[in-house]
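[1] this one's structure only:
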């Protein structure tokens with residue numbers, strides 16, 4: 001059986017976090033996160049590629065729903081139009097200005113608000129590219145830690161509260177060898193947060209909690 005050398009994964013709070021090489025547009029997920037600009041009118045790089053693939057309807061929706069754009073760190077939500085997705089999330093990452101103007105906090109917000117929006121809409125899978133590391137100049141050696149830590153921290157906090165969600169996979173799709181290599185170099189640092197590292201007693205408690213959540217969902221669907 002062939003091993004994919006361009007794929008790494010951990011599981012945190014039942015959500016598989018996968019690092020892979022390729023375009024976010026190629027991922028089989030419910031939602032992709034577009035590295036947009038504040039104006040939300042399309043641009044270069046992945047932003048332009050997503051607009052081209054989704055069709056003109058995407059731009060029309062953005063103009064109608066967000067006539068003034070969004071602030072850095074915010075997330076805009078649209079339909080997928082010509083793409084086989086449920087939604088497209090558009091987040092405006094920070095421009096790198098030396099790291100002393102709130103860039104790490106804003107980049108962290110991009111990732112965490114995207115995850116939060118996905119959970120609120122009960123989607124099962126979410127795809128990220130590397131936000132702000134292109135023409136916005138955010139050094140990938142800094143951005144990789146912000147990105148991974150933002151997502152892992154969010155899920156660990158949920159796990160500590162005993163909360164579960166419908167989200168089952170978060171994919172970090174790195175388009176270039178440089179991006180993938182940078183993320184892969186530090187990905188192992190987050191393996192300590194994997195669910196399999198939890199103490200046995202905690203695993204047993206989570207198993208029963210998950211069963212209670214599943215039964216509650218079934219009763220809700222059945223109208224009991």
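    Right, received. Where do you want to start? Since the structure is predicted, the reported quantities are computational estimates derived from the model, not experimental observations.

[2] Contact partners for the residue nearest the centre of the chain?
    Centroid-nearest residue in the chain: residue 128, 4.6 Å away (criterion: C-alpha atoms, centre = their mean). Neighbouring residues of residue 128 by C-beta atoms under 8 Å, 6 or more residues apart in numbering: 24, 32, 33, 111, 114, 147, 170, 171, 172, 173. Quick note: C-beta positions are derived from backbone N, CA and C, even for glycine.

[3] cutoff 6 Å now
    Applying C-beta atoms under 6 Å, 6 or more residues apart in numbering, one finds that residue 128 lies in contact with 33, 172.

[4] Also the one 10 residues further on?
    Going by C-beta under 6 Å, 6+ apart, residue 138 touches 96, 132.

[5] Which pLDDT value goes with it?
    Residue 138 is assigned a predicted lDDT (pLDDT) of 98.

[6] Also residue 200?
    79.

[7] Point me to the helix or strand that includes residue 202.
    helix 200-222 (DSSP states H and E).

[8] returning to that earlier point: what's opposite the residue nearest to the centre of the chain in the beta bridge?
    Beta-bridge partners for residue 128, by DSSP bridges, are residue 172.

[9] can you give me the strands in this structure?
    Counting by DSSP state E, the chain has these strands, from start to end: 7-12, 15-21, 31-36, 75-78, 87-92, 125-128, 169-174.

[10] low-confidence ranges in this structure?
    Applying pLDDT under 70 to the chain picks out residues 1-5, 201, 203, 205-224.

[11] The same query, at a cut-off of 80, please.
    1-5, 200-224 (pLDDT under 80).

[12] ok, which stretches of it are helices?
    45-54, 56-65, 103-120, 140-161, 177-187, 200-222 (DSSP state H).

[13] which of these is buried the deepest?
    helix 103-120 (a mean of 20; mean count of other C-beta atoms under 10 Å).

[14] Now tell me what touches that helix from outside.
    Under C-beta under 6 Å, 6+ apart, the answer for helix 103-120 is 31, 33, 72-73, 75, 89, 91, 93-94, 96, 126, 131-132, 146-147, 150-151, 154, 165, 167.

[15] Centre of the chain to that helix, how far?
    Distance, stretch centre to chain centre, for helix 103-120: 8 Å (C-alpha atoms, centre = their mean, to the nearest Å).

[16] That one to strand 87-92, inter-axis angle?
    Interaxial angle of helix 103-120 relative to strand 87-92 (axes from the mean of the first three to the mean of the last three C-alpha atoms, to 10 degrees): 160 degrees.

[17] Give me the angle between helix 103-120 and strand 15-21.
    120 degrees.

[18] For residue 136, give me its contacts.
    Under the criterion of C-beta under 6 Å, 6+ apart, the neighbours of residue 136 are 93, 95.

[19] count of neighbours near the closest residue to residue 50 other than its chain neighbours?
    Distances taken as C-beta to C-beta, 6 or more residues apart in numbering place residue 34 nearest to residue 50, at 4.9 Å, with adjacent residues excluded. Residue 34 has 31 neighbours, counted by other C-beta atoms under 10 Å.
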